[in-house]
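**Student:** Provided below are the primary sequence and the corresponding predicted coordinates.
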Amino acid sequence: MLNFQLSEAQMEIQQQAREFALKEVLPVAWHYDKKDEIPVSILEKAFRAGMMNSDIPKEFGGKGWGLVEGAIITEEIAAACPGIATSIFDNSLGMEPIYLCENKEAQKKYLSDMAKNFKLICFATSEAFMGSDVSGIRCRAKQDGEDYILNGTKFWITNGGIADYMTVFATIDPEKKHDGICAFVVERNWKGVSSGIPIPKMGQRCSNTTGLSFKDVRVPKENVLAGPGQGFILAMKTFSRTRPIIGSFAVGAARSAMEFAVEYIKKRKAFGTRISNFQSLQFKIAEMYQKIETARLLVLKAAWEADNTPDATISASIAKMYATEAAWEVVDEAMQVFGGFGYTKMFPIEKLLRDMRLYRIYEGTSEVQRMILSGHVMNTYQPVMPPMADIPLSREKPLNSGEPVWRCTMCGHVHYGDEAPEECPVCLFPKAAFKKYGE
């Protein structure tokens, strides 16, 4: 039987995350947004409080929590500041390829280190002219004995300027597309590794985003996570586990926007009454709430599948696409409710709107999610209903009446009798166009 109730342990995690968000994140969010700077001290506090790296397996010294717990934590922190939440969660994104790979030594070395010490790790697939198209990677990895030499750049890398470690995806040959992609763990202090200055962004200004440069960087064999061709598979497995959390960011931000809107309309008066009495605004709130609740259910379903099934790709795409688009609509409507005040920096909505817009872009745009979902439905989805040619729309008699029923496969005309007519009376196709029901 399905159970949609959080466990007592999960509710405790939710309360701890909520207290951390309200006490540590919310008071500094607008200050660092204005400075366009990441508050590293808050990330360290998140680590000390158990709000970061919670998914490191127990065998490496971690809590061993699943993505469901990660989604719960992320929603609460994103409700206070989506940008800071992004940088906190980025450790899980950066660690995921290590967790999923078959390199046991790398797992022991890096996951154990990050469970014990405050270390940051980033995930580097994107490049300046390659975003959602992972197969278009051009950063080169040249094999040198059992080692690899990295040359090239990465772009749009969350925490790229502050990360101690990096999971880097590169290719042995851009012409090979998927088949050429490898994956590595790179350390910042290695010779040839550098990062650019923070990229100026519209939103997510409390989150560090930079480019990375690799110039003749030697990666020893023990830091190879996936060889040529396996790197692409590893990246896709990573996304199927991390995309649900992008939905959690969106749910948290949308929830805050709705709560602020509700508070505002209860206090604001116009035309001699509180505007909360206006049915048009009540309907807006109802739709906001519906979208938030629906998005959260999809996110938790995808997170549960990622924790308990071999492949959560489809549910992850649904959750990521719906939650981010629905949340954008919620925050946009909240701004409409606030009117001119919502457009000012004196109220919280404009920051939420700026921060929210990114979620429809990164870790696979909404368009990419539609490609994944349409490909699934068109090619691998197994329909329950039989082909329409096998279901005559028998309106005069039920199909199980015992009398033979024939259907014209061209126009759908239904004929009753032991034999099909010599010619369809509707489309005039010959007898051969008819198919007998049940055969």
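**Tutor:** Received it, and whenever you're ready, just let me know what you need.

**Student:** Test my guess that A78 contacts A254.
**Tutor:** No - using Cβ atoms under 8 Å, A78 is not in contact with A254, being 9.3 Å away. From N, CA and C alone the C-beta is placed, and that goes for glycine too.

**Student:** and G50, helix, strand or coil?
**Tutor:** Secondary structure state of G50, per DSSP: H, G, I helix; E, B strand; the rest coil, is coil.

**Student:** and if you look at the one 3 residues further on?
**Tutor:** When states are read from three-state DSSP, the local structure at N53 comes out as coil.

**Student:** so what's it up against?
**Tutor:** F47, G62, K63, N91, S92, M95, M114, A115 (Cβ atoms under 8 Å, 6 or more residues apart in numbering).

**Student:** Domains in the chain, by residue range?
**Tutor:** Split into domains by automatic domain parsing, the chain comes to 234-380, 402-439.

**Student:** What ranges in the stretch 101-250 of the chain fall below the confidence cut-off?
**Tutor:** For the stretch 101-250 of the chain, the stretches flagged by pLDDT under 70 are 131.

**Student:** hey, where'd the strands end up in it?
**Tutor:** Along the stretch 101-250 of the chain, the segments classed as strands by DSSP state E, counting those that start in this stretch run 121-124, 140-144, 147-158, 165-171, 181-187, 193-195, 209-219, 224-226.

**Student:** Filter the contacts of N53 down to the buried ones and hand me the PyMOL line.
**Tutor:** Remark: buried members of the contacts of N53, expressed as a PyMOL selection using 16 or more other Cβ atoms under 10 Å:
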select buried, resi 47+62+91+92+95+114+115
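
**Student:** any idea which of the contacts of N53 is closest to I157?
**Tutor:** Closest approach between the contacts of N53 and I157, by Cβ to Cβ: N91, at 13.3 Å.

**Student:** Would you confirm that the closest one contacts N117?
**Tutor:** No - counting by Cβ under 8 Å, N91 sits too far from N117 to count as a contact (11.9 Å).

**Student:** which residue ranges form the strands in the stretch 251-400 of the chain?
**Tutor:** Per DSSP E, counting those that start in this stretch, the stretch 251-400 of the chain carries strands over the ranges 269-270, 273-274.

**Student:** Kindly reformat the ones you listed as JSON lines containing distance to L353.
**Tutor:** JSON lines is the format used below for these (distance: least, Cβ to Cβ, whole Å):
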{"stretch": "strand 269-270", "distance to L353": "23"}
{"stretch": "strand 273-274", "distance to L353": "25"}
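
**Student:** do you know which of those strands lies nearest Q336?
**Tutor:** strand 269-270 (14.2 Å).

**Student:** Tell me who's in contact with V168.
**Tutor:** A124, C139, L150, K154, A183, F184, V185, V186, L212, F214.
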